[in-house]
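1. please work out how this folds:
(2 chains)
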Number of protein chains: 2
Amino acid sequence: MNIAYLNGSYMPAEEIRISPDDRGFLFADGVYEVVRWYQGNFFDMEGHTARLKRSLGELRLEWVGADTFPVISEELIRKNDLEDTPALIYIQVTRGAAPRSHAFPAVQTDPTVYAFARGFDPDPGKYVAGINILMKKDIRWSRCDIKSVSLLPNILCFQEAVETGNSECAFVRDGYITECSHSNIFFLINGILFTHPESENILSGISRRKVINLALKAGLQVNEVAVAEKDIDKVDEAFLTNTSAEVAPVISINKKKIGNGRPGEVTMQLRAMFAAETAILRNHKQTH
Amino acid sequence: MNIAYLNGSYMPAEEIRISPDDRGFLFADGVYEVVRWYQGNFFDMEGHTARLKRSLGELRLEWVGADTFPVISEELIRKNDLEDTPALIYIQVTRGAAPRSHAFPAVQTDPTVYAFARGFDPDPGKYVAGINILMKKDIRWSRCDIKSVSLLPNILCFQEAVETGNSECAFVRDGYITECSHSNIFFLINGILFTHPESENILSGISRRKVINLALKAGLQVNEVAVAEKDIDKVDEAFLTNTSAEVAPVISINKKKIGNGRPGEVTMQLRAMFAAETAILRNHKQTH
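-> Below is the predicted model:
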């Protein structure tokens, strides 16, 4: 039986219900995080907690328990017997339930905090073969740095990607490639690694930051500079980063081959370096 | 006791609960409508139903019962004894509950359909005095023509307006005034009425369309052409339109007076014409 979390209580997931007047449901007035469990430790729980708090702050959404996110996450792993399984924790915090009105509730409402754990299959085969992605106009809002649940544009574009034989959708804003529906994107051009700089147009990915550090450690030059859509022909390698996939080689964009159409060498080196880091997390199990 | 509607059933509002895995809650994957009840009839229920169906179509969200929206609305008015009260119906349709994944659920899920009725005070005094509005950059997504619940930018900007002594927030995109957080906006310049044309940057307001028709009937020239932010000094009158306020005179934008700082003559004429139309709705009560 899956145990999930709602507002301080752990209970069977199927028993959890929320009010339809929750502002998360009526207005997408909420934020979320996804953190990965590596059979013994979370990946950069500190980074995820800091980002959650930043997102809450940008929405002026107060959850006094934000620092308990790591504890809730561990409890969910334990209660669901996921200690020895690759798993993800999802947490969402909204401004709570109140009679529908665009303005924040006049009387301070308690936030709604919902979290669940789930085991998952990282499917390394998929990433060794490389993935195809779609690229289209970035139709999202201007504050993509906030990890909000206002995700309708992301899911519509992702769905279009899936239906056209792709695994992700990359976005182009004002001629420059920003990121993907739920990953950051990197390009290797003439031996230099490029990725969009931190700004209001991208989410500051935890895996993105990690990969930048790994690349620097490997002696690569990393330019946090956006790549123009028109320069896509110059790209030798491309890859995505996110919490569940880590580093995912991209072998085509809009059906056009990247490089030789196979996962790039530098990409696979960075993927291996990432795996080496997470192996350490697995090998240093916490005592519960 | 307030009676609301969920998925085919009418029940006490406080008993209604939804799954936290509803895609409306996780992804803002849903649409909504608000329609006004004029003590006997709804205002352009046909127009609201058509727009709801269009929004559903744009999200490829199937609700086979979309044509029953008018019936549900009437039932809610009746069950809540609102026949003789100014009231609003709110309806929201989402893609339903499914394990969290950006892609549409592999197995077709039933949509979640939630609706409620509520009496309200139209507060005509407020609109006779005129309202102040804030104007700022349009940070919303590029498909504002879809009446979706992905409303986080709208509520953040509206809240800022309220906290700075304003009643609404108008948006500027690429130098042009588009609309407001939950209203359309009109400007009178040299006797000609201007409002942003229908496009992906604005919601096609039911009240907006009505006011355009009333203005034409009154012999006004109406240009569905966007007004540039830099031309705001040329504006003689300004007003908002939406379902609950009908026509709301704007007397200042960003603390700068519009015209003489009082509701404009043409504005009040259009407001009176709108009121005359709704008086007809009130006087032709349906037999229940």
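2. next one: the helix or strand where A:Gly57 lies to chain centre, how far?
-> Taking DSSP states H and E as the criterion, A:Gly57 maps to helix A:45-58. On the basis of C-alpha atoms, centre = their mean, to the nearest Å, helix A:45-58 sits 13 Å off its chain's mean C-alpha point.
3. other residues contacting stretch A:116-127?
-> A:2-5, A:13, A:37, A:73, A:76-77, A:79-80, A:82, A:85-90, A:167, A:244-249, A:263, A:271, B:99 (C-beta atoms under 8 Å, 6 or more residues apart in numbering or on different chains). Using the backbone N, CA and C atoms, a C-beta is placed for each residue, glycine as well.
4. re earlier: the helix holding A:Gly57: what's the following helix or strand?
-> helix A:69-79.
5. how about stretch A:47-65, does it get close to chain B?
-> Yes: Stretch A:47-65 is in contact with chain B by C-beta under 8 Å from any C-beta of the partner chain, via A:Leu59.
6. for stretch A:89-97, same thing?
-> Yes: judged by C-beta under 8 Å from any C-beta, stretch A:89-97 comes into contact with chain B at A:90, A:92, A:94.
7. near chain B, which residues of the stretch 151-288 of chain A show up?
-> A:151-156, A:158-159, A:162, A:181-182.
8. now these as CSV including distance to A:Ile253 and secondary structure?
-> Compiled in CSV, those are given as follows (distance: C-beta to C-beta, whole Å; DSSP: H, G, I helix; E, B strand; the rest coil):
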residue, distance to A:Ile253, secondary structure
A:Leu151, 22, coil
A:Leu152, 23, helix
A:Pro153, 19, helix
A:Asn154, 18, helix
A:Ile155, 20, helix
A:Leu156, 19, helix
A:Phe158, 15, helix
A:Gln159, 18, helix
A:Val162, 15, helix
A:Ser181, 14, coil
A:His182, 17, coil
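9. now neighbour count too, for those residues, in TSV please.
-> TSV is the format used below for these (neighbours: other C-beta atoms under 10 Å in any protein chain shown):
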residue	neighbour count
A:Leu151	23
A:Leu152	26
A:Pro153	23
A:Asn154	23
A:Ile155	24
A:Leu156	25
A:Phe158	24
A:Gln159	18
A:Val162	17
A:Ser181	24
A:His182	20
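10. could you check which helix or strand contains the closest residue to A:Ala245 other than its chain neighbours?
-> Among residues not flanking A:Ala245 along the chain, A:Tyr127 sits closest, at 6.2 Å (C-beta to C-beta, 6 or more residues apart in numbering or on different chains). Using DSSP H and E, A:Tyr127 maps to helix A:124-129.
11. ok so, going back, so of the residues of stretch A:89-97 next to chain B, which ones are in strands?
-> In strands, defined here by DSSP state E, the members of the residues of stretch A:89-97 next to chain B are A:90, A:92, A:94.
12. just give me the closest of the residues you listed to B:Ile133.
-> Checking those against B:Ile133 with C-beta to C-beta, the nearest one is A:Thr94 at 27.3 Å.
13. next, the contact list for A:Tyr176, please.
-> Neighbour list for A:Tyr176: A:196, A:226-229 [criterion: C-beta under 8 Å, 6+ apart].
14. who wins for neighbours among the residues of stretch A:89-97 next to chain B?
-> A:Thr94 (29 neighbours; other C-beta atoms under 10 Å in any protein chain shown).
15. does it touch A:Asp22 like I think?
-> Yes: here A:Thr94 reaches A:Asp22: they are 5.8 Å apart, a contact under C-beta atoms under 8 Å.
16. which neighbours do these two share?
-> A:112, B:25.
17. quick check: residues of the stretch 1-150 of chain A near chain B?
-> A:4, A:6, A:16-20, A:22-29, A:32, A:59, A:90, A:92, A:94, A:99-100, A:102-104, A:114, A:118, A:137, A:139-143, A:148-150.
18. what do you get if the cut-off is 6 Å, keeping everything else the same?
-> Proximity of the stretch 1-150 of chain A to chain B is confined to A:16-18, A:20, A:24-25, A:27-29, A:102-104, A:114, A:139-142, A:148, A:150 under the rule C-beta under 6 Å from any C-beta of the partner chain.
19. filter those residues to the buried ones?
-> A:16, A:18, A:20, A:24-25, A:27-29, A:102, A:104, A:114, A:139-142, A:148, A:150 (16 or more other C-beta atoms under 10 Å in any protein chain shown).
20. if you look at these, which of them are in strands?
-> A:Tyr114.
21. show me which positions of the lowest-mean-pLDDT helix or strand in chain A end up buried.
-> None of the helices or strands of chain A scores lower by mean pLDDT, DSSP states H and E than helix A:124-129, at a mean of 80. For helix A:124-129, burial by neighbour count (16+ other C-beta under 10 Å) applies to A:Tyr127.
22. ok now that helix, how far from the chain's centre?
-> The answer for helix A:124-129 is 19 Å, by C-alpha atoms, centre = their mean.
23. got the CA positions of the helix or strand following that helix in PDB?
-> Along the chain past helix A:124-129, the next helix or strand (assigned with DSSP H and E) turns out to be strand A:131-137. Extracted in PDB, the C-alpha atoms of strand A:131-137 (Å, rounded to 0.1, in the frame of the first residue of the first chain):
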ATOM      1  CA  ILE A 131      16.900  10.300 -27.600                       C
ATOM      2  CA  ASN A 132      15.200  12.400 -30.200                       C
ATOM      3  CA  ILE A 133      13.700  15.800 -29.300                       C
ATOM      4  CA  LEU A 134      11.300  18.300 -30.700                       C
ATOM      5  CA  MET A 135      12.100  22.000 -30.700                       C
ATOM      6  CA  LYS A 136       9.500  24.700 -30.800                       C
ATOM      7  CA  LYS A 137       8.600  28.200 -29.800                       C
END
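24. show me what strand A:131-137 is packed against.
-> Counting contacts by 3 or more C-beta pairs under 6 Å, 6 or more residues apart in numbering or on different chains; DSSP states H and E, strand A:131-137 is packed against strand A:168-173, strand A:246-253.
25. do you know which of those strands lies nearest B:Leu281?
-> Within those, the stretch nearest B:Leu281 is strand A:168-173; the backing value is 44.7 Å (C-beta to C-beta).
26. which other residues reach the closest one?
-> A:133-135, A:137-138, A:157-158, A:161, A:177-178, A:180-181, A:185, A:201, A:229 (C-beta atoms under 6 Å, 6 or more residues apart in numbering or on different chains).
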